[in-house]
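Student: The sequence and its predicted three-dimensional model are supplied below.
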Amino acid sequence: MKILKILTVGLSLTFALAQEIQAQESTAQEADYQDNVVIVLDASGSMKQNMRGTRTKKMDAAKDALKAVLKNVSPTTHIGLLVFSSKNLKNDWAYPLGPRDEQALIRAIELPIANRGTPLGEYIKIGADRLLEARQAQYGYGSYRLLIVTDGDANDPELVDRYTPDVLARGITMDVIGVDMGQDHTLATMAHSYRRANDPASLEQAIREVFAELSADSGDFSMEEAFELIEPIPLESAAAALQALSNSGNEPIGSTTAQARSVNSPQGQQVRQATNQNSHVVHDTHIHVERKLSSLVKIGIVVFIILLVVVKKLF
């Protein structure tokens, strides 16, 4: 009877501690969860041109659109503004990714002056690397988007081709807005979404649509939901995306295996196809499994300690 009583108490304590661990993880999830958006803004010389049929410069239209949209975005959303080629910025991070300071963010948006070329590939890496740092700091919770607002193709296309598959394979959502371009940007078929913006109104609408999608990214997928969404992807494509993700994790862009590096290789195309459809699902599933394993390990340790106590009492 004494043994039974000890075991009963041990099991009750184990169950109580398991519930406490789950409650703490739930609280941590709520505290750590953030939507994270890095905006890569083109400040190349062509952004000084007027949008067709208007007297509004492309840069001014982009600034006005960002200010109009961001004032209605949840204050809990972390925003980063990364500007390339601006004439007057000492730091390309006009607004570093982090908590919102509304006045500072508005000043940062108004600051850039269009000037030089379009080193887009270089800045895709800079922006994505910062998102990966944020994801690591938040233990995988949250959503991570790279929004590119540009009016021209890159001066470094080889870097765009090299880095874009890496960005997709890591589960970062890439949205691209082509500002008054004569033809679609080369990223149109590579990114998760591409929107044309040929006038100020459509530019604001395009940015608004991207931020409206944040709510769809919120929350964790259950394992059942994740596998239901992954199921339609061809097996080889899903395997390629999963392999690329597992090999890369939160490592800097460009440090993956050769399989994920080339957008023109069969493996790179598989990664792009799979991640364009469901990269956020793959990432959320990966994180979900890690959390479950973490909980099981903690509970296992507790059970082991309780059993040691029981054995000591018996002998």
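Tutor: Structure received. Residues are numbered from 1 along each chain as shown.

Student: What count of nearby residues applies to residue 98?
Tutor: Neighbourhood size, residue 98 [other C-beta atoms under 10 Å]: 13. Where you see a C-beta, it was placed from the backbone N, CA and C, and this is true even at glycine.

Student: Chain neighbours aside, what residue packs nearest to it?
Tutor: residue 78 (5.7 Å; C-beta to C-beta, 6 or more residues apart in numbering).

Student: In this structure that neighbour contacts residue 96, no?
Tutor: No - judged on C-beta atoms under 8 Å, residue 78 makes no contact with residue 96 at a distance of 9.8 Å.

Student: Show me what the helix or strand containing residue 211 packs onto, helices and strands only.
Tutor: Assigned by DSSP states H and E, residue 211 belongs to helix 200-212. Under the contact definition 3 or more C-beta pairs under 8 Å, 6 or more residues apart in numbering; DSSP states H and E, helix 200-212 sits against helix 58-70, strand 143-150, strand 173-179, strand 193-197.

Student: Columns mean neighbour count on top of these, output as JSON lines?
Tutor: What follows is these, written out as JSON lines (neighbours: other C-beta atoms under 10 Å):
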{"stretch": "helix 58-70", "mean neighbour count": "21"}
{"stretch": "strand 143-150", "mean neighbour count": "26"}
{"stretch": "strand 173-179", "mean neighbour count": "25"}
{"stretch": "strand 193-197", "mean neighbour count": "19"}
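
Student: Put together CSV for those, with distance to residue 206 on each row.
Tutor: Below are these laid out as CSV (distance: least, C-beta to C-beta, whole Å):
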stretch, distance to residue 206
helix 58-70, 8
strand 143-150, 9
strand 173-179, 5
strand 193-197, 4
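
Student: Can you add distance to residue 114 and mean pLDDT and give the ones you listed back as a markdown table?
Tutor: Converted to a markdown table, these look like this (distance: least, C-beta to C-beta, whole Å; pLDDT from 0 to 100):
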| stretch | distance to residue 114 | mean pLDDT |
| --- | --- | --- |
| helix 58-70 | 5 | 98 |
| strand 143-150 | 12 | 97 |
| strand 173-179 | 11 | 97 |
| strand 193-197 | 16 | 97 |
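
Student: Nearest to residue 250, out of the ones you listed?
Tutor: Set against residue 250 and scored by C-beta to C-beta, these come closest in strand 143-150, at 10.3 Å.

Student: Neighbouring strands - and their directions - for the closest one?
Tutor: Its sheet considered, strand 143-150 pairs with strand 35-42 (parallel), strand 173-179 (parallel) by DSSP bridges.
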